[in-house]
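In: Test case, fold it:
(2 chains)
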Number of protein chains: 2
Amino acid sequence: MFTLYYAPGTCALASHLALEYAGAPYQTVRLDFPNKQQQSPEYLRVNPKGRVPALVTDLGTLTETPAILQYISQAFPQARLAPLDDPFLLAKANEFNSYLCSTVHVAHAHRVRGQRWADDAKAIEAMKKKVPEVIGAGFELIERQMFKGPWVLGERFGTCDMYLYTLGRWLNGDGVEISRFPKVADHAARMAADPVVVKVLAAQQAP
Amino acid sequence: MFTLYYAPGTCALASHLALEYAGAPYQTVRLDFPNKQQQSPEYLRVNPKGRVPALVTDLGTLTETPAILQYISQAFPQARLAPLDDPFLLAKANEFNSYLCSTVHVAHAHRVRGQRWADDAKAIEAMKKKVPEVIGAGFELIERQMFKGPWVLGERFGTCDMYLYTLGRWLNGDGVEISRFPKVADHAARMAADPVVVKVLAAQQAP
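Out: Predicted coordinates for the structure are as follows:
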């Protein structure tokens, strides 16, 4: 049994989707981000980073979306969520997920968590101002160079699709029109219509 | 045959070390960062991100350090650079490498590449000012929570050690004394004395 710690609207959605697509036995624990529950002593014992996602397994706790996504893929190989039989293609999946984690997510965080990188209020405003440009450039690269179609890696649906959909949901708030990226927009529409995605989003929002 | 694109002093050192420890057949191409060769049309055809590392293989090109490190580990399993036989421990390796990539490296980049996230000169200065605090907190977490000893993951040496050593080399320039982190400092000293590390660093600095 897995336990996923998450908050609605965060990148933990990608791991939540992976658990559901994998058919994994899991439960979820929703953290109250507005009240900073992720910084509570109780949660810091689960994840000293004070962030989500955290996936508690029988073997220990995992953090970092790219690591969690590959782990779920390996734990449930019959779900075929990653190209485990092809090390190069698996590396391409990890390359994509690492780019989302270290560049795209980080760019977004400069709008909502600028205090991580500067104390000065004007500096934090200056970071916010540049977010549409930086996020736009990141998705431009995805659209033009990375996205194979119909899924991120080509014919095989997998964790990259869950993670891309998760971060693409932030575009509007970041001041970037998803319609600038036709392939990404079409992908997001197909994901949003998938019953698994509908189910997971509903569960995250349930009272 | 692999071709690694790198520049001295960058995170590409981790991939260079992995190739050497793996006993891989490889050549290197050094980019002239002071003259922005990483933004040249020629290099952008290799890696549209305009960054290093890029690893050209017979199957295609890989970027993103965590992805490259696992790929080299899988391509040369006899070198035992990652716990490929234990998916949970492999996930812990990927978790560590993802943390270095998306949090520690990103924190460092706010000292040297602040223009990625703000245009205003004062904002870029404000980011620089906070770097010692943010990098210090990152290494504090590594020292107290993540580092098992004698190597990052415990008894088995691997890619996490190469990547930690690579980013630890930036501490001094980031205004953080490595001696604050006794385990990390001891690890760095052992790495620096290893003939493979000595050889790779010498090759990177050779005229």
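
In: okay, CA-based contacts and neighbour counts for the rest of this
Out: Fine.

In: buried set for the longest helix along chain A?
Out: Assignment by DSSP state H gives helix A:121-141 as the longest helix of chain A. Buried residues in helix A:121-141, defined by neighbour count with 16 or more other Cα atoms under 10 Å in any protein chain shown: A:123-132, A:134-136, A:138-139.

In: which of the residues you listed come close to chain B?
Out: Filtering these for proximity to chain B by Cα under 8 Å from any Cα of the partner chain leaves A:123-124, A:126-127, A:129-131, A:134.

In: related to what we said a few turns ago, next SSE downstream of the longest helix of chain A?
Out: Sequence order places helix A:159-168 as the next helix or strand after helix A:121-141, per DSSP states H and E.

In: care to break chain A down by domain?
Out: Listed by automatic domain parsing, the domain ranges of chain A are A:2-80+A:197-205, A:87-194.

In: and those as a markdown table, adding distance to residue B:84?
Out: Listed next are those as a markdown table, based on distance: least, Cα to Cα, whole Å:
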| stretch | distance to residue B:84 |
| --- | --- |
| domain A:2-80+A:197-205 | 11 |
| domain A:87-194 | 11 |
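
In: Which one of those domains lies nearest to residue B:203?
Out: Set against residue B:203 and scored by Cα to Cα, these come closest in domain A:87-194, at 26.4 Å.

In: Can you list the low-confidence ranges for chain A?
Out: Across chain A, nothing is flagged by pLDDT under 70.

In: all helices of it, in order?
Out: Using DSSP H, helices in chain A cover A:12-22, A:41-46, A:65-75, A:87-99, A:105-112, A:121-141, A:159-168, A:182-193, A:195-205.

In: Tell me what angle the longest one forms with helix A:87-99.
Out: Computed with axes from the mean of the first three to the mean of the last three Cα atoms, to 10 degrees, the direction of helix A:121-141 lies at 150 degrees from that of helix A:87-99.

In: Could you tell me the angle between helix A:121-141 and helix A:182-193?
Out: Relative orientation of helix A:121-141 and helix A:182-193, computed by the same axes, to 10 degrees: 100 degrees.

In: just checking, what packs against helix A:121-141?
Out: When contacts are defined as 3 or more Cα pairs under 8 Å, 6 or more residues apart in numbering or on different chains; DSSP states H and E, helix A:121-141 packs onto helix A:105-112, helix B:121-141.

In: what about residue A:176, neighbour count?
Out: Neighbourhood size, residue A:176 [other Cα atoms under 10 Å in any protein chain shown]: 19.

In: now the helices of chain A as JSON lines including distance to residue B:90?
Out: Shown next, in JSON lines, are those (distance: least, Cα to Cα, whole Å):
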{"stretch": "helix A:12-22", "distance to residue B:90": "17"}
{"stretch": "helix A:41-46", "distance to residue B:90": "20"}
{"stretch": "helix A:65-75", "distance to residue B:90": "8"}
{"stretch": "helix A:87-99", "distance to residue B:90": "13"}
{"stretch": "helix A:105-112", "distance to residue B:90": "23"}
{"stretch": "helix A:121-141", "distance to residue B:90": "28"}
{"stretch": "helix A:159-168", "distance to residue B:90": "17"}
{"stretch": "helix A:182-193", "distance to residue B:90": "29"}
{"stretch": "helix A:195-205", "distance to residue B:90": "27"}
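
In: so which of those comes closest to residue B:101?
Out: Among these, the nearest to residue B:101 by Cα to Cα is helix A:87-99 (8.1 Å).

In: Can you list the neighbours in contact with the closest one?
Out: Contacts of helix A:87-99 with the rest of the structure, by Cα atoms under 8 Å, 6 or more residues apart in numbering or on different chains, involve A:66, A:82-84, A:146, A:153, A:159-160, A:163, B:59, B:62-64, B:66-68, B:70-71, B:74-75, B:98, B:102.

In: Go ahead and confirm residue A:102 touches residue B:100.
Out: No: the criterion here is Cα atoms under 8 Å, and residue A:102 misses it with residue B:100 at 9.4 Å.

In: Comparing these two, which residue is more hemmed in?
Out: residue B:100 (24 against 20).

In: list the contacts for the more buried one?
Out: Counted by Cα under 8 Å, 6+ apart, residue B:100 has contacts B:163-164, B:167.

In: Turn these into TSV, columns for distance to residue A:197 and neighbour count.
Out: Listed next are those as TSV, based on distance: Cα to Cα, whole Å; neighbours: other Cα atoms under 10 Å in any protein chain shown:
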residue	distance to residue A:197	neighbour count
B:163	35	24
B:164	37	23
B:167	38	19
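
In: Thanks again, I'm all set now.
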